[in-house]
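# okay, here's the prediction I keep looking at, along with the sequence it came from:
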Amino acid sequence: CGKSLCVLITRNGKLILFGKVHDSDVISTPQYINFPDNEGVDEVIIDVSIADQFIVCVSDKGHVYTWGKNTGSTIQLGYDTVPSQPTPKLIQTLNEYGIKQVSAGVRHVVCCTATPPDHTHKGMSIPTSVPTDYTLLQGISCEVIFGRLQILNHFSSCILSSWRLFNYHSSLHDESSVFHINPLSDGRVRSLISPSLVEGLMGSVLSRTMNTKSHGPSVIVHRIHKDDKPVEPVFSQIATQILQKSSSDLRCSQRAWKVTLVGEGADDAGGPYDESIAQMCEELCSGKVPVLIHTPNAVNKCGFNTDRFVFNPECTDYDKYKFLGILFGVAMRTKKPLDLFLAPAMWKLVAGMKLTVEDLEEVDLMFVRTLYGIRDVDKGGIQEEEFAEMIPIDNYETQSMCRKFLPIVPNGRDIKLTYRNRKDYVEKALQFRLHELDKQVSSVRDGMSLIVPVPLLSLCSSSMMEKFVCGSEILDIQVLKKIAKYKDGSSSDQIYQWLWQTLEDFSNEERTLFLRFVSGRSRLPSHVSEISQRFQISKGGRSTESLPTSQTCFFQLRIPQYSSQEILADKLRYAIRNCRSIDMDNYMLRRNVSTPGDTEDDDDYDDDDDLYSD
């Protein structure tokens, strides 16, 4: 495809063109391209490339043809200074080279003699045995597994071709009608869809709805205490300002807003924005903002997800949840993951799926077991006469997610729990807990809908939803190595080798602190290709007794020339744990950097933000 035309290669090597070439009329009906007579032999075209309205192709004989509009007369070969060529012209001087591939740009043409790679689909090879890692597949033949994979791939292809036809708002209708059934409402169906398909589809839609500005509106953040007065959480400060802005201004590819950190002297080129996101995540997980709470399993120290969070049913400030949804959407659009640890059930709700009792058990095991114990009390030999004595619940109340007893039906405190109505009580208690967070989830999805197309979340499983918003919680040092750029020296230099070994020895918590120190963010995107900056490492000109410094806007680390890995590790640990402010103030720079004979150019530090510990 070019700017206003398309060219197709047929199976027998003919070219078909439609669209507009140079200043000609639009070709609405596809036409075959005729080539100059060459010894009476028809040309069999094997490769073609288009730049704007300029076309270059090559035949199986190695003949290269060009035609179309030569923008600005920048491509001289075969055209001289002619601004356009209406029909294919043979470039005689290339006949002797045996050209097999071509590529065109606005100001260049590349011809390659190498044989192009074979893109013919050969299918997947079948292994001879199932690896021991896959315990659930042991005993199943590889041919059966391969057949299953083919079915799954075909299913994903069908979804890709028909996703627009699904009813994504079935909850608004009578689900008893077959016309209103949405098969994607079942999480089991979503888990069968290829994640790469959903990622590609989501990426395509987001790119078409992207704001072209480098950043969104400006926000002001106070983080420094003044006159011993408490500082409002960063989350609340930014939420108040952003909820008043136009949502279209927030749909930027890099920064949804620009941050001014009052009293910290940092000009936001990316670092303060990333730092504000990381600090908001920290506030959410610390309880400073009452939006999230630990799972009941964490409180009871039993079951799964004891290190995870759920939405707080006691928090009825729904604007906070709306802003949390905006944060989720911004993370998806900017490819800058949030450092949050929500339970899988919460991601399931965000993706628009209904919770099951099994999901509830994953976050509150004791609650479910208690209810089952009440329901099945007769199996333990307890009769109606003993029920009130054995069951410590008197009425239609149950514990909420935040451990408070609340009525599960209107006037529930006045309805007595008895042996005869126990099963009804258990059913209503479960329904109460399964829908306890509906308003909070609705507000989150309302916020997300301002940034991303929420209906497409119906294609996501809970794990996929978490990956979109939070990336991977494990920081892989090999990923940092792949994007590393050494500003002086090479990767084999001793100081850089010590750095990588130190990072390998770090715990994941320390690696996260390191990432925040050098970039302002706490997690990396799931794919290396989504990381927009290289990790720049250089040897600082400071004293060997000094601490490392970083420039978060440019993802850059400066390391003094330490004499051993042990010293480097100690200095780096101190820096990442104690340096929390961002400052580009030249006074601070000179006070910490300047030493007799130090000629390092201060211009490297202008107009960005630096992290220091002293």
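Happy to help now that I have it.
# what sits against Lys404?
Going by Cβ atoms under 8 Å, 6 or more residues apart in numbering, Lys404 touches Glu314. The way it works is simple: take the backbone N, C-alpha and C, and place the C-beta from them, glycine included.
# any idea how far it lies from Lys416?
Separation of Lys404 from Lys416 (Cβ to Cβ, to the nearest Å): 20 Å.
# what does Ser28 give?
Distance from Ser28 to Lys416, by Cβ to Cβ: 79 Å.
# strands along the stretch 351-500 of the chain, start to end?
397-399, 405-407, 484-486 (DSSP state E, counting those that start in this stretch).
# pick the most deeply packed of those strands.
strand 397-399 (a mean of 21; mean count of other Cβ atoms under 10 Å).
# quick one: contacts of that strand?
Applying Cβ under 8 Å, 6+ apart, the external contacts of strand 397-399 come out as Pro296, Phe367, Leu371, Phe405, Leu406, Pro407, Ile408, Gly412, Arg413, Ala429, Phe432, Arg433.
# each with direction, which strands does it pair with?
Here strand 397-399 is paired, per DSSP bridges, with strand 405-407 (antiparallel).
# hmm, who's touching stretch 199-212?
For stretch 199-212, using Cβ under 8 Å, 6+ apart, the contacting residues are 160, 163, 248-253, 332-333, 452-453, 456, 459, 468.
# for the chain, what helix or strand is lowest in average pLDDT?
helix 586-593 (a mean of 40; mean pLDDT, DSSP states H and E).
# show me the shaky parts of the stretch 51-200 of the chain.
Scanning the stretch 51-200 of the chain for pLDDT under 70 picks out the ranges 70-83, 118-124, 168-182.
# redo that, cut-off 90
Residue ranges of the stretch 51-200 of the chain with pLDDT under 90: 51-55, 66-96, 104-109, 115-129, 131-135, 157-191, 195-200.
# could you pull out the strands in it for me?
Using DSSP E, counting those that start in this stretch, strands in the stretch 51-200 of the chain cover 54-59, 64-69, 84-90, 101-105, 108-112.
# what strands line up against the last one, and which way round?
Based on DSSP bridges, the strands next to strand 108-112 in the sheet, each with its direction, are strand 101-105 (antiparallel).
# contacts for the partner strand?
Contacts for strand 101-105 (Cβ under 8 Å, 6+ apart): 47-51, 54-58, 64, 109-112, 114, 116.
# give me that answer again for 6 Å
With contacts defined as Cβ atoms under 6 Å, 6 or more residues apart in numbering, strand 101-105 is touched by Asp47, Ser49, Ala51, Phe54, Val56, Val58, Val110, Cys111, Cys112, Pro116.
# repeat that for stretch 567-580.
By Cβ under 6 Å, 6+ apart, the surrounding residues in contact with stretch 567-580 are Trp498, Thr502, Leu513, Phe514, Phe517, Leu547, Pro548, Tyr562, Leu611, Ser613.
# for these, give me a markdown table that also has neighbour count, distance to Asn12 and pLDDT.
Supplementary listing: the contacts of stretch 567-580 in a markdown table, determined by neighbours: other Cβ atoms under 10 Å; distance: Cβ to Cβ, whole Å; pLDDT from 0 to 100:
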| residue | neighbour count | distance to Asn12 | pLDDT |
| --- | --- | --- | --- |
| Trp498 | 19 | 61 | 93 |
| Thr502 | 20 | 61 | 93 |
| Leu513 | 19 | 62 | 87 |
| Phe514 | 25 | 58 | 89 |
| Phe517 | 22 | 61 | 87 |
| Leu547 | 23 | 68 | 89 |
| Pro548 | 25 | 63 | 89 |
| Tyr562 | 22 | 67 | 89 |
| Leu611 | 25 | 63 | 48 |
| Ser613 | 18 | 69 | 38 |
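# ranges for the helices of the stretch 51-200 of the chain?
Applying DSSP state H, counting those that start in this stretch to the stretch 51-200 of the chain gives helices spanning 142-162, 187-190, 195-208.
# any idea how far the shortest one is from the chain center?
Here helix 187-190 is found 21 Å from its chain centre; the criterion is Cα atoms, centre = their mean, to the nearest Å.
# what's the answer for stretch 405-422, then?
The answer for stretch 405-422 is 44 Å, by Cα atoms, centre = their mean.
# and the residue of the chain positioned farthest from its centre, how far from Tyr419?
The C-alpha centroid of the chain is most remote from Glu385, which lies 57.6 Å away (Cα atoms, centre = their mean). Computed as Cβ to Cβ, the Glu385 to Tyr419 distance reads 8 Å.
# with Val368 instead?
21 Å.
# cool, and Pro217?
61 Å.
# thinking again about what came up before, may I ask which two of the contacts of strand 397-399 are separated the most?
Pro296 and Arg413 (22.0 Å; Cβ to Cβ).
# more neighbours: these two, which one.
Pro296 (24 against 14; other Cβ atoms under 10 Å).
# need the contact list for the more buried one.
Per Cβ under 6 Å, 6+ apart, neighbours of Pro296: Asp364.
# and if we set it to 8 Å?
Val363, Asp364, Met366, Phe367, Gln399, Met401, Arg403.
# and of the residues you listed, the nearest to Gln244?
For these, the nearest to Gln244 is Met401 (30.6 Å; Cβ to Cβ).
# from Lys485, how far out is that closest one?
Counting by Cβ to Cβ, the gap from Met401 to Lys485 is 47 Å.
# also Ser526?
21 Å.
# same check, this time on Lys322
For Lys322, the distance to Lys485 - Cβ to Cβ - is 39 Å.
# ditto for Ile531
According to Cβ to Cβ, Ile531 and Lys485 sit 12 Å apart.
# count of residues packed around Arg255?
By other Cβ under 10 Å, 23 other residues sit near Arg255.
# how about the one 4 residues further on?
If you count neighbours by other Cβ under 10 Å, Val259 ends up with 25.
# let me know how buried Ala429 is, in neighbour terms.
By the criterion of other Cβ under 10 Å, Ala429 has 25 neighbours.
# list the contacts for the nearest residue to Gln565 once chain neighbours are set aside?
Sequence neighbours aside, Trp498 is the residue nearest to Gln565 in space, at 4.0 Å (criterion: Cβ to Cβ, 6 or more residues apart in numbering). Counting by Cβ under 8 Å, 6+ apart, Trp498 makes contact with Tyr562, Ser564, Gln565, Leu568, Ala569.
# check which helix or strand the first one maps to.
So the one you mean is Tyr562. If you go by DSSP states H and E, Tyr562 is not part of any helix or strand.
# most packed of the helices of the stretch 51-200 of the chain?
The most buried one of those (mean count of other Cβ under 10 Å) is helix 187-190, showing a mean of 17.
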